[in-house]
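Engineer: no sequence on hand, only this structure:
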DNA sequence: CATAATTAGTGTAAAAATTACACTTTTTCT
DNA sequence: AGAAAAAGTGTAATTTTTACACTAATTATG
């Protein structure tokens, strides 16, 4: 029988890349770290996984504690495992990304973060850990996702205009879109 | 400072879904388990990650020990973390998938497996652990991959005919393709 | 409530990409 | 030499994509 102790036992965490949309800008929710390492840096909200949780449960828990939201869109993206990515020990992290409506809730005071803020993805500075890389990966996934299925309902309020939806798509794809062709794509039946 | 011991420390494994193509059939390389759990079952080749490795290094090591091949296409697909997926303890596994040329080498006698065999993906039975689910996920990824970029050079011998390539694509996509249109897709310039 | 700002609504032509479809020649293998 | 496998070749119909500009209606604001 295998002796598990002779192999790597690592701590593992989940990190959430939470996208929102507001003021015509695609945003991501960051927390300000209040402890070492990377004290004072902005970073992705994440936490250790508990023994009785699977990864998705942990990612949902982090999201809930930070935003009070449940039942939101959540998707595993990639697992990051560089040996030195956490200076206090071997920590492997699984990145999830999530899409939520900014206007829908107020950020919670939580154990995860004393300070949480929305940042435009276009103006993000140096984040803690390897979180810039994780964010890049998730942004890339979002770009791909938006091409393969509609993504408006997750990021916009219950009622939104077509123009808002177009602005969202333009923010995600970092490009300009033609209004009439955009309509055609969403309502191909009456064109 | 965080006390890591109060959180879950899990063992990590990688599992490789290694696709090959032979006799007009898409195949996957399986090993026969020689120990508990799932003694005697076919399963994906995988192993524990060592403390000085990141995940990709571990996946490459497993692939090398089993096949003797290096520098092959390898891609992380998904991380599986169900609490009870390994009955001897908490083990999280990261699935990688890989594409190799079957004809190119002989399977190695290795520490990983006493018995390794190619199986047609269309006739796979019950595998050990949650490996059927992992295989499904990787097959799905392969289908997507083949639509977004050419995949022939990884799976076919150095020289291959267009017809062979078409048969490969038909096996992956589980559909029939038109020969002339298939040519057009690969050589759009001289049509 | 008057005005301004935002959003809805509408058509077409050109270009590009996709699909369906069958037979002959050349090469390779035995 | 013969058989089997692969290469090679064209076109018409359909569908999809793209580029492009103005008016009417609604909503928000002072």
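Structural biologist: Looks like it arrived, so ask away. The structure presented is a predicted model; accordingly, all values stated were derived computationally and were not measured.
Engineer: what residues does stretch A:123-135 touch?
Structural biologist: Contact with stretch A:123-135 is made by A:15, A:17, A:28, A:30, A:33, A:37-38, A:41-44, A:78, A:80, A:82, A:85-86, A:93, A:95, A:121, as judged by C-beta atoms under 8 Å, 6 or more residues apart in numbering or on different chains. C-beta: built from backbone N, CA, C; applies to glycine.
Engineer: for DNA strand C, tell me which of those show up nearby.
Structural biologist: By C-beta under 7 Å from any atom of the strand, no member of those lies near DNA strand C.
Engineer: which among those residues end up buried?
Structural biologist: Among the contacts of stretch A:123-135, those that count as buried by neighbour count (16 or more other C-beta atoms under 10 Å in any protein chain shown) are A:15, A:17, A:28, A:30, A:33, A:38, A:41-44, A:78, A:80, A:82, A:85-86, A:93, A:95, A:121.
Engineer: now the residue lying closest to residue A:145 once chain neighbours are set aside: how far from DNA strand C?
Structural biologist: In this structure, residue A:145 finds its nearest non-sequential neighbour in residue A:151, 6.1 Å apart by C-beta to C-beta, 6 or more residues apart in numbering or on different chains. Here residue A:151 is placed at a distance of 17 Å from DNA strand C (C-beta to the nearest atom of the strand, to the nearest Å).
Engineer: neighbours of residue A:71, just the number please.
Structural biologist: Residues contacting residue A:71 under the criterion other C-beta atoms under 10 Å in any protein chain shown number 7.
Engineer: also residue A:107?
Structural biologist: A count of nearby residues for residue A:107, using other C-beta under 10 Å, gives 16.
Engineer: who does the closest residue to residue A:115 other than its chain neighbours bridge with?
Structural biologist: In space, and not counting its chain neighbours, residue A:115 is closest to residue A:32: 4.1 Å by C-beta to C-beta, 6+ apart. Taking DSSP bridges, one finds residue A:42 as the beta-bridge partners of residue A:32.
Engineer: and the gap between residue A:32 and residue A:129?
Structural biologist: To residue A:129, residue A:32 is 14 Å away according to C-beta to C-beta, to the nearest Å.
Engineer: which of the two has more neighbours?
Structural biologist: Set side by side, residue A:32 and residue A:129 show more neighbours around residue A:129, with 23 against 16, by other C-beta under 10 Å.
Engineer: any idea how far the more buried one is from residue B:148?
Structural biologist: Separation of residue A:129 from residue B:148 (C-beta to C-beta): 30 Å.
Engineer: what about chain A, any weak spots by pLDDT?
Structural biologist: Counting by pLDDT under 70, chain A contains low-confidence residues at A:1-6, A:109-113, A:190-191.
Engineer: mind giving me the packing neighbours of the strand or helix carrying residue A:183?
Structural biologist: According to DSSP states H and E, residue A:183 maps onto helix A:179-186. Contacts defined by 3 or more C-beta pairs under 8 Å, 6 or more residues apart in numbering or on different chains; DSSP states H and E place helix A:179-186 against helix A:162-173.
Engineer: distance between the helix it packs on and the chain's centre?
Structural biologist: How far helix A:162-173 lies from its chain's middle: 18 Å, per C-alpha atoms, centre = their mean, to the nearest Å.
Engineer: what comes up buried for it?
Structural biologist: Buried, per 16+ other C-beta under 10 Å, within helix A:162-173: A:164, A:165, A:166, A:167, A:168, A:169, A:171, A:172.
Engineer: nearest to DNA strand C among those residues?
Structural biologist: Set against DNA strand C, the nearest of the buried residues of helix A:162-173 by C-beta to the nearest atom of the strand is residue A:164 (5.4 Å).
Engineer: separation between that closest one and residue B:20?
Structural biologist: Residue A:164 sits 49 Å away from residue B:20, taking C-beta to C-beta as the criterion.
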